[in-house]
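>>> Okay, sequence plus prediction incoming.
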Amino acid sequence: MTDDTEKTSPSAPSLAPRRARSVAGGLALLLSLVTLIGLGYVWYLLSYKAQIVGLDVTRSFQAQSQALLQQNAKIASLEQAVTANRKAMADLAQRQASLAAAKRPGRHWRVRAAADLLLIANEQLRFQHNVPLALLALQQAQRALRREGDPRLLPVRKAILQEILRLKSLRRQHTSTMALELMALAHSVRTLPLALPHGFPEKTAATAKSAPLPFWRRAVNGIWQDFRGLIRIRKEPVHERALLAPKRAYFVRQNLQVRLYGAQLALLEHRPPLVAADLDAADHWIKRYFDVKARSTQAVLAKLQDLQHKSQALKWPDISQSLHLLHRLSRDAS
């Protein structure tokens, strides 16, 4: 009887480790499946978000490329207009030279040529905003009236001299300060920080010690905490800025520099509307793709606002007084 009990007693405890190992294996398999499903879902969300951001940035770059092509077309048309005006000036100068060489018998032909030159100067300054060509036309009119040698034309010559001085002072004022400031801003674009995604908050350790939990409960809690740490859902009142890939950051900086250099070129050509348009585009570009909380970005934005105020305050001088005086003298003489 005792022998039988001794033979059957060792087989009872051997069943407990086998059951524990089978339960642990099942739990491990279940946890691995849950982890794989969670990682697959996170990878799907991240790839979908990256695809959406890439499409948004690509569309914005296409729109900016079309805008640049339109600006280049406008610049080409303006250059053609300037070439046509220069050709007209050359033809007028050639006509004046031919009349002087032939000694055409006529009364005050130099006065009529000076009136045409003054009219060209007013048209170039008022409609084309071309200060160099208007200044050249005024100087040619002054030279023609000086060769005429009529003392009655002294008030006209005095008015032309005052208008020449106004245009020269305006030209020095434009090219001395604002052009250098725009060049400095274009160079500082290389160091401006781009807009980066907000970092996730760090994990906080538990202050109170909880009671010891079973192994499977601690494993499930750890996996759940790791899964929650991978995803953050935020609600913002404004639209989130488009994030840029490292390869696209170079093109963002280059486009911003093109805008600033375009504003400088328009300033040197004395075209305030084009200067204001390029400055507005540069300001919008910085606020969309760069970190506006950085000090360097805020300094650049403040400088752009200052330049916008200066470009709006630019006014063209009135150079029509000499033309009115010359027309009045011509009517009195006739």
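Okay, I see it.

>>> gap between residue 44 and residue 22?
Distance of residue 44 to residue 22, computed by Cβ to Cβ, to the nearest Å: 34 Å. C-beta coordinates here come from the backbone N, C-alpha and C atoms, glycine included.

>>> Ignore what I typed, I meant residue 186.
For residue 186 relative to residue 22 (Cβ to Cβ), the value is 71 Å.

>>> Looking at those two, which one has more neighbours?
Of the pair residue 186 and residue 22, residue 186 is the one with more neighbours under other Cβ atoms under 10 Å, namely 20 against 10.

>>> host element of that one?
helix 178-188 (DSSP states H and E).

>>> How about residues contacting that helix?
Identification of contacts with helix 178-188 by Cβ atoms under 8 Å, 6 or more residues apart in numbering yields 257, 260-261, 263-264, 267-268, 296, 300, 303-304, 307, 310-311.

>>> how about JSON lines for those, with neighbour count, distance to residue 168 and pLDDT added?
As requested, the contacts of helix 178-188 are exported to JSON lines (neighbours: other Cβ atoms under 10 Å; distance: Cβ to Cβ, whole Å; pLDDT from 0 to 100):
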{"residue": "257", "neighbour count": "17", "distance to residue 168": "31", "pLDDT": "91"}
{"residue": "260", "neighbour count": "26", "distance to residue 168": "27", "pLDDT": "92"}
{"residue": "261", "neighbour count": "15", "distance to residue 168": "25", "pLDDT": "91"}
{"residue": "263", "neighbour count": "29", "distance to residue 168": "23", "pLDDT": "89"}
{"residue": "264", "neighbour count": "21", "distance to residue 168": "20", "pLDDT": "87"}
{"residue": "267", "neighbour count": "25", "distance to residue 168": "17", "pLDDT": "80"}
{"residue": "268", "neighbour count": "17", "distance to residue 168": "15", "pLDDT": "76"}
{"residue": "296", "neighbour count": "13", "distance to residue 168": "37", "pLDDT": "90"}
{"residue": "300", "neighbour count": "24", "distance to residue 168": "32", "pLDDT": "91"}
{"residue": "303", "neighbour count": "15", "distance to residue 168": "27", "pLDDT": "91"}
{"residue": "304", "neighbour count": "20", "distance to residue 168": "28", "pLDDT": "91"}
{"residue": "307", "neighbour count": "23", "distance to residue 168": "23", "pLDDT": "88"}
{"residue": "310", "neighbour count": "17", "distance to residue 168": "19", "pLDDT": "80"}
{"residue": "311", "neighbour count": "22", "distance to residue 168": "20", "pLDDT": "78"}
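
>>> Which of those fall in helices?
257, 260-261, 263-264, 267-268, 296, 300, 303-304, 307, 310-311 (DSSP state H).

>>> Most widely separated two among these?
Spatial extent of those (Cβ to Cβ) is set by the pair 268 and 296 at 26.3 Å.
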